[in-house]
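*Asks:* Quick one, what's the 3D model for this:
(one chain, ligands or ions: 2)
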Amino acid sequence: MNHFAPSILSADFAHLKEDIDATVRGGTDYLHVDVMDGVFVPSISFGMPVLKCIRKATDLFLDVHLMITKPERYVEEFVKSGADLVTVHLETLENPKEVLEQIRAQGVKVGLAINPETPAEEIKPYLPYIDMALVMTVHPGFGGQSYIPECTEKISQIAGWIKEMDLSVDLEVDGGVKLDNVEMVLENGANVIVAGSAVFAGDIEKNTREFMDILKK
Ligand code: DX5
Ligand code: ZN
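*Replies:* Ligands and ions are numbered 1, 2, ... in the order given. All right, here's what the predicted structure looks like:
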């Protein structure tokens, strides 16, 4: 099943609930929440207090993408604040299996992300331990960047391994996804689509609905 996860990084934080409600009217089922620490990535976004408010404001499935160093320090806090799925970056983990188990023990879904320069092979051994793999298709840190075409190969490679191993792991793609390349991303095996700038610029409800129409095809 396909899911759509608008990234609130591109929303207007002065009226976040209105923006989120517009994505709900457009038919979304997930919300993508980008947490940045200014260390693992060059920018700082927001953390637990904002997530707590989002949790109170919506019933959407909250897909929390942690772009932070040593994420194991904060897993419990993000779950308490309302995350339904916690994704950590493989590049930040000294002992990946331990952190994946730590997330699982909190009773939420487990995601593992890789940056554009991290080879797909590096995530392969962890596929049996996660619910979702996330392929970054921009360098993490900012919304509104262009999709890196070289990453497409990684999407189809990982999708192939998930099939071969007969796993029920979702495959999320994050970065530079627009209405004009989302079909290509889906065709390569992704089933969870993140889009930020393509949703929150202009008519949010209409933009969301246009993505949903493609995802439901
Ligand atoms: C980038 C974030 C993305 C970002 C996507 O570091 O992880 O989720 O918000 O934004 P767009 O869709 O504008 O590339
Ligand atoms: Zn993200």
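
*Asks:* hey, let's count contacts and neighbours off CA atoms from now on
*Replies:* Fine.

*Asks:* Listing request: residues of the protein with sub-threshold pLDDT.
*Replies:* Under the criterion pLDDT under 70, no range of the chain is flagged.

*Asks:* Around ligand 1, which positions in it sit nearby?
*Replies:* Counting by Cα under 6 Å from any ligand atom, the chain comes close to ligand 1 at 7, 9, 34, 140-145, 174-177, 195-198.

*Asks:* try 5 Å
*Replies:* 7, 9, 140-144, 175-176, 195-197 (Cα under 5 Å from any ligand atom).

*Asks:* what about Ile54, which helix or strand?
*Replies:* For Ile54, the host element (DSSP states H and E) is helix 48-57.

*Asks:* Show me what the following helix or strand past that helix is packed up against.
*Replies:* Downstream of helix 48-57, the first helix or strand assigned by DSSP H and E is strand 61-67. Judged by 3 or more Cα pairs under 8 Å, 6 or more residues apart in numbering; DSSP states H and E, strand 61-67 is in contact with strand 30-36, strand 85-89.

*Asks:* what about the nearest residue to Val135 once chain neighbours are set aside, is that helix, strand or coil?
*Replies:* Spatially, and ignoring its direct neighbours in sequence, Val135 is nearest to Val173 (5.1 Å; Cα to Cα, 6 or more residues apart in numbering). At Val173 the chain is in strand, as set by DSSP: H, G, I helix; E, B strand; the rest coil.

*Asks:* Next up, the contacts around Val173.
*Replies:* 134-137, 155, 185, 190, 192-194 (Cα atoms under 8 Å, 6 or more residues apart in numbering).

*Asks:* and which of these is nearest to ligand 1?
*Replies:* Val194 (6.2 Å; Cα to the nearest ligand atom).

*Asks:* roughly how far apart are the residue of the chain most remote from its centre and Gln157?
*Replies:* In the chain, Glu164 marks the outermost C-alpha relative to the chain mean, sitting 23.4 Å out by Cα atoms, centre = their mean. Glu164 sits 11 Å away from Gln157, going by Cα to Cα, to the nearest Å.

*Asks:* same thing with Ile214?
*Replies:* 23 Å.

*Asks:* I appreciate the help and will end here.
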